[in-house]
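Enquirer: Coordinates for the following, if possible.
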Amino acid sequence: MPARQKILLLATHSLTDPGGSGRHFPFARELVRLGFSVTLVTLHPDYSNLSERHFFKDGVEIRYVSQMHVLKRNNRKEYFSGITLLWVMAAATVRLFVAGWKQSADRIICLKPQPLNGLPAALLSIIRRIPLLVDCDDYEAGSGHLSPLQRLIVAFFENTVPRVAVTVTYHNSFIRAHLLKQG
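Expert: Take a look at the predicted model:
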């Protein structure tokens, strides 16, 4: 019997967020049901107070490796700013890369090509020669509440990371048209 394919998912949403609980985790769980070995490496909105950073849920290995770009505690959402935001983002990007590097994988799936997970996913794919799949569920640069500089950075990753991928998934004709326009 052939060995199970190992899938590494790199994401920025925790299982407590709508994107993580409503899209990423069900996707990971379905991959397990189909016979894949799945590790979801992601971020958490209250990482410093997180008691369980590595666990299995419904057959999916979950690894929280760093703080998200927002802090959520006791039903309060706080946005980092300035140097703190840059530090949190840099640490998250490096930690996602390192955690991905430590995982054995046959495929990498980048869930939303954002700077934090898109850069590690693309680098791991290129350096380790592992096929990359990118799931584009929205166009954050065109729809988010971002400063002009943030919009530029996010757009760069949303337009560039899919070009490194062997497969790109999307869920509506707008995203498809945007991706085709970007090449």
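
Enquirer: contacts and neighbour counts: CA atoms only from here.
Expert: Will do.

Enquirer: All the strands of this protein, residue numbers only.
Expert: Using DSSP state E, the strands found in the chain span residues 6-10, 37-44, 54-57, 60-67, 70-73, 76-79, 107-111, 132-136, 167-170.

Enquirer: Out of these, flag the one nearest residue 142.
Expert: strand 132-136 (13.1 Å; Cα to Cα).

Enquirer: quick one: the closest one to strand 6-10, angle?
Expert: 40 degrees (axes from the mean of the first three to the mean of the last three Cα atoms, to 10 degrees).

Enquirer: residues making contact with stretch 166-180?
Expert: Applying Cα atoms under 8 Å, 6 or more residues apart in numbering, the contact partners of stretch 166-180 are 131, 132, 133, 134, 135, 136, 137, 138, 139, 159, 162.

Enquirer: 6 Å - rerun?
Expert: For stretch 166-180, contacts defined as Cα atoms under 6 Å, 6 or more residues apart in numbering pick out 132, 133, 134, 135, 136, 137.

Enquirer: Tell me which two of those residues sit farthest apart.
Expert: By the measure Cα to Cα, 132 and 137 form the most distant pair in those, at 16.1 Å.

Enquirer: The two: who's more crowded?
Expert: Remark: of residue 132 and residue 137, residue 132 carries more neighbours, 26 against 16, as counted by other Cα atoms under 10 Å.

Enquirer: OK, contacts around that one?
Expert: Neighbours of residue 132 in contact, by Cα under 6 Å, 6+ apart: 108, 109, 125, 165, 166.

Enquirer: Correct me if wrong: the first one contacts residue 8.
Expert: Right, the one you point to is residue 108. Yes - contact criterion Cα atoms under 6 Å: residue 108 and residue 8 qualify, at 4.8 Å.

Enquirer: Provide the contact partners of the lowest-mean-pLDDT helix or strand in the chain at residue level.
Expert: Of all the helices and strands that make up the chain, helix 140-143 has the lowest average by mean pLDDT, DSSP states H and E, namely a mean of 77. Contacts to helix 140-143, defined as Cα under 6 Å, 6+ apart, come from residues 151, 154, 155.
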